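Participant: need a 3D model of the following:
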Amino acid sequence: MKASPAQPEIREVMDIRQAAHYMGISADSLYRYAATGFIPAFRLGNRWRFRKSRLDEWMDRRSGLEEAAAPKLVRTQKKPVRSTRVIGRAVRTGS
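Facilitator: Sure thing, here's the model as predicted:
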């Protein structure tokens, strides 16, 4: 009798069961995400396949890790200066 390893081997291209296990979600949820285009996947024949590298990139983007690694420069926009000159108003003098 052969003992199976505690962790299955993680390949670069995974089927739906392997990818679901890798991501920690149910196969049904992963199938739904792949079918709607929410998660990066491709079809090989009539079966869904998932690239580990694409899933890792997707998870990094979704979790905000990619932005933390390379912060973007943000310019603060100054408020517009209000003009002191009033256009189109005539000054009335009372008599």
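Participant: for residue 40, which non-adjacent residue is closest in space?
Facilitator: With sequence-adjacent residues excluded and distances taken as CB to CB, 6 or more residues apart in numbering, residue 40 is closest to residue 54, at 4.3 Å. C-beta here means a position set from N, CA and C on the backbone, and glycine is covered the same way.
Participant: for residue 23, see how far away the one you found is.
Facilitator: Distance of residue 54 to residue 23, given as CB to CB, to the nearest Å: 12 Å.
Participant: can you give me the distance of residue 33 to residue 51?
Facilitator: The spacing between residue 33 and residue 51, counted by CB to CB, is 15 Å.
Participant: go on, residue 10?
Facilitator: For residue 10, the distance to residue 51 - CB to CB - is 12 Å.
Participant: looking only at neighbour counts, state which of those two leads.
Facilitator: residue 51 (17 against 11; other CB atoms under 10 Å).
Participant: hey, what's the more buried one bridged with?
Facilitator: Taking DSSP bridges as the rule, residue 51 bridges to residue 13.
Participant: quick one: the strands in this structure?
Facilitator: Using DSSP state E, the strands of the chain run over 13-14, 42-44, 47-51.
Participant: which among those is found nearest to residue 65?
Facilitator: Of all the strands of the chain, strand 47-51 sits nearest to residue 65, with 18.2 Å by CB to CB.
Participant: go ahead and confirm residue 19 touches residue 30.
Facilitator: Yes - counting by CB atoms under 8 Å, residue 30 is a contact partner of residue 19 at 6.0 Å.
Participant: who touches both of the two?
Facilitator: Common contacts of residue 19 and residue 30, defined by CB atoms under 8 Å, 6 or more residues apart in numbering, comprise residue 50.
Participant: what are the ranges of the helices in the protein?
Facilitator: 16-23, 27-36, 52-63, 65-69 (DSSP state H).
Participant: may I see those organised as CSV, with mean neighbour count and mean pLDDT added?
Facilitator: Output for these, formatted as CSV (neighbours: other CB atoms under 10 Å; pLDDT from 0 to 100):
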stretch, mean neighbour count, mean pLDDT
helix 16-23, 18, 94
helix 27-36, 14, 94
helix 52-63, 13, 92
helix 65-69, 10, 57
